[in-house]
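# Okay, structure incoming, though there's no sequence with it:
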Ligand SMILES: NC(=O)C1=CN([C@@H]2O[C@H](COP(=O)(O)OP(=O)(O)OC[C@H]3O[C@@H](n4cnc5c(N)ncnc54)[C@H](O)[C@@H]3O)[C@@H](O)[C@H]2O)C=CC1
Ligand SMILES: O=C1[C@@H](O)[C@H](O)[C@@H](O)[C@H](O)[C@H]1O
């Protein structure tokens, strides 16, 4: 196969960006079919690149001129569309999240397994970002010694109003879930969410920012500050603290500017397309090359499922205010912690006068 013929489902912000990359920058790929809930949006994108519009996304998946599918529709419809790709036996790059509930993600993992080949790649593009790749290599080469903690910052300048506290976990924090699994090579077993004072930019009832705390199988601690209405820029940082040193990425330190008004500083990337542009392209090129060989080259269905399972625990933690355990198939839940015994002298215990 010289050219992988691709259907793109959903051409909003991310889908249109991927169509542009597949058309202009990715080798050996051609977008032949576009499908979107809004046909006029699909037509606009399709006309610009000479592709066909197929209104029904399931028909688009089964189209004779489609070898592979890129899903960039909203997360809530990924389940149906990924299942249709599996039914058609076609490779699919599904934007995160894989689905929006743990049961449907599990079914997808099992269904793919029963087909005996890997067809699903999930759009966790940070795994292709040169800085994250370098940090991963530093960890696995032992450059930091035993990694003890990870501290993440995830700030967006602005988001639409439907980004409530739970959506922030499923749509934004899901990236740090995958980063944790990628960097530390182990599963996350529990999630806590600490809600502080909310920005006045957040709709009533939305906890923005939040501090999310993960605990991994081996007991490592990961913190994630999620703040999606900073009004500033796109700031994604990750620091790994090991026994023999620490390393941080995402500092935007390349450009230091001093201005005539006496201010000084560098430049922060305005959005995720600027920060992760290179990562998206590497992700797409590797997926296209692998799909032609009938395989994947990146995070797969299990990674998508594991991330959904952690986010589900995260959503529970938002609601309960407690530590919630991740229900992941095959991973033992930690034993409930014993209450800490009161070791004060008996005469100090009791009500204060
Ligand atoms: N990896 C990353 O950094 C990013 C990933 N995303 C992910 O990409 C996906 C799309 O997000 P955005 O582009 O920001 O959303 P968006 O709202 O801009 O675009 C979604 C598009 O899908 C269309 N659509 C709705 N239902 C559909 C259906 N059943 N079939 C086909 N199309 C349908 C909508 O009309 C819209 O054009 C989400 O899963 C999101 O989490 C989004 C931004 C960045
Ligand atoms: O995936 C993304 C968005 O959907 C999400 O809403 C943002 O918070 C992330 O930074 C971006 O990478």
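Everything's here; your move. Source: prediction; values computed, not measured. Numbers count the residues shown, from 1 in each chain. Ligands and ions are numbered 1, 2, ... in the order given.

# Could you list the residues of the stretch 201-350 of the chain in contact with ligand 2?
Residues of the stretch 201-350 of the chain lying near ligand 2 by C-beta under 6 Å from any ligand atom: 228, 272. To be clear about C-beta, it is placed using only N, CA and C from the backbone, and glycine gets the same treatment.

# For the stretch 201-350 of the chain, which segments are assigned as strands?
Here the stretch 201-350 of the chain has its strands, by DSSP state E, counting those that start in this stretch, at 210-216, 221-227, 235-242, 245-249, 257-258, 264-265, 324-325.

# Looking at those strands, which is nearest to residue 18?
Set against residue 18 and scored by C-beta to C-beta, these come closest in strand 235-242, at 19.5 Å.

# Could you give the separation of that closest one from the chain centroid?
16 Å (C-alpha atoms, centre = their mean, to the nearest Å).

# what inclination does it have with respect to strand 245-249?
170 degrees (axes from the mean of the first three to the mean of the last three C-alpha atoms, to 10 degrees).

# helices or strands up against strand 235-242?
helix 130-140, strand 147-155, helix 174-184, strand 245-249 (3 or more C-beta pairs under 8 Å, 6 or more residues apart in numbering; DSSP states H and E).

# Would you map out the domains in this structure?
Here the domain assignment for the chain is 4-125+277-300, 127-272+308-325, based on automatic domain parsing.

# For those domains, give me JSON lines that also has mean neighbour count and mean pLDDT.
Formatted as JSON lines, the domains of the chain follow (neighbours: other C-beta atoms under 10 Å; pLDDT from 0 to 100):
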{"stretch": "domain 4-125+277-300", "mean neighbour count": "20", "mean pLDDT": "98"}
{"stretch": "domain 127-272+308-325", "mean neighbour count": "17", "mean pLDDT": "94"}
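
# Mind putting those into JSON lines with distance to ligand 1?
Putting the domains of the chain into JSON lines (distance: least, C-beta to the nearest ligand atom, whole Å) gives the following:
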{"stretch": "domain 4-125+277-300", "distance to ligand 1": "2"}
{"stretch": "domain 127-272+308-325", "distance to ligand 1": "5"}
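
# Could I get the phi/psi values of the residue in the stretch 151-300 of the chain positioned nearest to ligand 2?
Proximity of the stretch 151-300 of the chain to ligand 2 (C-beta to the nearest ligand atom) peaks at residue 172, 3.3 Å away. Backbone torsions of residue 172, given as degrees, to the nearest 10, read phi -110, psi -50.

# Contacts only, for residue 183.
132, 135, 136, 139, 147, 150, 238, 240 (C-beta atoms under 8 Å, 6 or more residues apart in numbering).

# Quick check: the last one vs residue 282, distance?
Note on residue 240: its distance to residue 282, by C-beta to C-beta, to the nearest Å, is 21 Å.

# Look up how far ligand 2 lies from residue 118.
Residue 118 sits 23 Å away from ligand 2, going by C-beta to the nearest ligand atom, to the nearest Å.

# Hmm, residue 300 and that residue touching each other?
Yes. Contact status for residue 118 versus residue 300: in contact at 5.6 Å, counting by C-beta atoms under 8 Å.

# Compute the distance between residue 83 and residue 156, please.
Counting by C-beta to C-beta, the separation of residue 83 from residue 156 is 30 Å.

# Residue 293 now?
To residue 156, residue 293 is 36 Å away according to C-beta to C-beta.

# can you check residue 233 too?
Distance, residue 233 to residue 156, using C-beta to C-beta: 9 Å.

# okay, and the common contacts of the two?
What both residue 233 and residue 156 touch, as defined by C-beta under 8 Å, 6+ apart, is the set residue 271.

# tell me the contacts of residue 72?
In this structure, residue 72 makes contact with 8, 9, 10, 11, 12, 14, 15, 18, 95, judged by C-beta under 8 Å, 6+ apart.

# How about the contacts made by the third one?
Contacts were defined as C-beta under 8 Å, 6+ apart; by that measure residue 10 touches 35, 36, 37, 71, 72, 73, 74.

# Including distance to residue 218 and secondary structure, could those go into a markdown table?
Compiled in a markdown table, the contacts of residue 10 are given as follows (distance: C-beta to C-beta, whole Å; DSSP: H, G, I helix; E, B strand; the rest coil):
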| residue | distance to residue 218 | secondary structure |
| --- | --- | --- |
| 35 | 43 | strand |
| 36 | 44 | coil |
| 37 | 43 | coil |
| 71 | 33 | strand |
| 72 | 35 | coil |
| 73 | 36 | coil |
| 74 | 35 | coil |
